[in-house]
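>>> no sequence on hand, only this structure:
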């Protein structure tokens, strides 16, 4: 009888990641609730619905940069996942046979069963990229009041700690291996740094229209070419369906095409916001509200209501609905709601 084959370096890396997840799941119950809260409330969608409107409390340009960097990072993340074929822990332990060789005290959660490939981590990559302009803005603001290098580094230290915590939460819920969260975090930081150095002109409607169309058609072309070449880019959907503990945990918003609808819709929303910007007088008046927390809070509330509206169960209509909501987001936050705030302020100040 032939001896069992030696495990590859990737198998050893995966197995080490499984044991890291075992150690994390053996932690105290309060820590479990923290990991679940973090991975649930700071998913890629929250960048568009929470971080983007809240960043408006710092600066309008910063909020637009958050949205722009997030959509570019998410598109790249989808493409990388398609062609890196990364496994996810919750199905790999069964596909590799490790669960039959070892007694592993692991359990899944409602946020575990993501359906796309696992490498690199989208949570870490998109969060790391999108938060970069916020962190650098905060650091610059601190430097205006102190010369202490340590105090100027506090926003970056908090940023690193948040990415570490996010990575641990993704390992805890069996959504990612440690090397996937590390590569995702590093890619996100590099992307955030690079895109911030070359920001687009947020008043060019045509640029964002071309971007929205290019991102969607580019993804369709890559998927079509890969399929024609014999690559199965939908393999992870079958793995997820077979290995998820509860079929109701297979959420459609975790599919790659849902991410692409979010990305293309947000780019189209930036185009519409650029097509109907605030007047110069309105922009100056809005900047006079220090800090512009009213606009940020109202945008946060409006997007929360918008994304809690029911969606159609028809697949095509569901994707169209997602794209429409993310198209409306930048228009609401960047144009309609600030104009509403200024109108109400002028009516209140009128004799």
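Nice, I can see it. Remember, it's a predicted structure, so these values are computed and weren't measured experimentally.
>>> lowest-pLDDT helix or strand in the protein?
Lowest on mean pLDDT, DSSP states H and E among the helices and strands of the chain sits helix 280-287, with a mean of 60.
>>> elements contacting the next helix or strand after that one?
Per DSSP states H and E, the first helix or strand lying C-terminal to helix 280-287 is helix 293-308. Applying 3 or more CB pairs under 8 Å, 6 or more residues apart in numbering; DSSP states H and E, one finds that helix 293-308 contacts helix 52-55, helix 315-331, helix 337-349. (Each C-beta comes from the backbone N, C-alpha and C, glycine too.)
>>> confidence-wise, which of the ones you listed is weakest overall?
In terms of average pLDDT, helix 337-349 trails the rest of these, at a mean of 76.
>>> export the helices and strands packed on helix 293-308 to JSON lines and append columns for distance to residue 97 and mean neighbour count.
Putting the helices and strands packed on helix 293-308 into JSON lines (distance: least, CB to CB, whole Å; neighbours: other CB atoms under 10 Å) gives the following:
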{"stretch": "helix 52-55", "distance to residue 97": "44", "mean neighbour count": "25"}
{"stretch": "helix 315-331", "distance to residue 97": "34", "mean neighbour count": "19"}
{"stretch": "helix 337-349", "distance to residue 97": "54", "mean neighbour count": "14"}
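>>> pLDDT weak spots in the stretch 1-150 of the chain?
1-7 (pLDDT under 70).
>>> ranges for the helices of the stretch 1-150 of the chain?
Assigned by DSSP state H, counting those that start in this stretch, the helices in the stretch 1-150 of the chain fall at 9-25, 29-41, 44-46, 52-55, 60-84, 89-95, 98-101, 122-130, 132-143, 149-172.
>>> contact partners of the shortest one?
It stands for helix 44-46. 70, 74, 122-123, 126-127, 253, 259, 262, 307 (CB atoms under 8 Å, 6 or more residues apart in numbering).
>>> 6 Å instead?
Under the contact criterion CB atoms under 6 Å, 6 or more residues apart in numbering, helix 44-46 has outside partners 74, 122, 126.
>>> for residue 325, what are its contacts?
Listed by CB under 6 Å, 6+ apart, the contact set of residue 325 reads 306-307.
>>> between the contacts of helix 44-46, which has the most around it?
Ranked by neighbour count (other CB atoms under 10 Å), the contacts of helix 44-46 have residue 126 at the top, with 33 neighbours.
>>> need the helices and strands packed on helix 293-308 in a markdown table (columns: distance to residue 30).
As requested, those are exported to a markdown table (distance: least, CB to CB, whole Å):
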| stretch | distance to residue 30 |
| --- | --- |
| helix 52-55 | 26 |
| helix 315-331 | 34 |
| helix 337-349 | 37 |
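>>> buried stuff in stretch 196-213?
196, 200, 202, 205, 207-209, 211-212 (16 or more other CB atoms under 10 Å).
>>> end to end on it, go ahead and measure it.
Start-to-end span of stretch 196-213 (CA to CA, to the nearest Å) is 22 Å.
>>> contacts for it next, please.
For stretch 196-213, contacts defined as CB under 6 Å, 6+ apart pick out 64-65, 132-133, 264, 267-268, 270-271, 274-275.
>>> of the residues you listed, which is the nearest to residue 333?
Within the contacts of stretch 196-213, proximity to residue 333 (CB to CB) peaks at residue 64, which comes in at 9.2 Å.
>>> in space, what's closest to the closest one - neighbours in sequence excluded?
residue 202 (4.9 Å; CB to CB, 6 or more residues apart in numbering).
>>> quick one: which of the helices of the stretch 1-150 of the chain is nearest residue 184?
helix 122-130 (3.7 Å).
>>> which other helices and strands does that closest one contact?
On a contact count with 3 or more CB pairs under 6 Å, 6 or more residues apart in numbering; DSSP states H and E, helix 122-130 meets helix 60-84, helix 149-172, helix 178-197.
>>> of these, flag the one that's most buried.
Stretch with highest mean neighbour count among these: helix 60-84 (a mean of 23; mean count of other CB atoms under 10 Å).
>>> what's in contact with that helix?
Identification of contacts with helix 60-84 by CB under 6 Å, 6+ apart yields 44, 47, 51-52, 55-56, 116-117, 119, 122, 125-126, 129-130, 133, 137, 191-192, 195, 199, 202, 215, 233, 256, 259, 263, 266-267.
>>> redo the helices of the stretch 1-150 of the chain as TSV? Include distance to residue 110.
Shown next, in TSV, are these (distance: least, CB to CB, whole Å):
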stretch	distance to residue 110
helix 9-25	15
helix 29-41	8
helix 44-46	15
helix 52-55	25
helix 60-84	21
helix 89-95	12
helix 98-101	20
helix 122-130	15
helix 132-143	29
helix 149-172	13
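>>> between the ones you listed, which one is closest to residue 335.
Nearest to residue 335, of all those, is helix 60-84, at 10.6 Å by CB to CB.
>>> now residue 221: how far from residue 214?
Distance, residue 221 to residue 214, by CB to CB, to the nearest Å: 10 Å.
>>> go on, residue 169?
Distance from residue 169 to residue 214, by CB to CB: 33 Å.
>>> same thing with residue 150?
For residue 150 relative to residue 214 (CB to CB), the value is 43 Å.
>>> repeat for residue 132
Distance from residue 132 to residue 214, by CB to CB: 23 Å.
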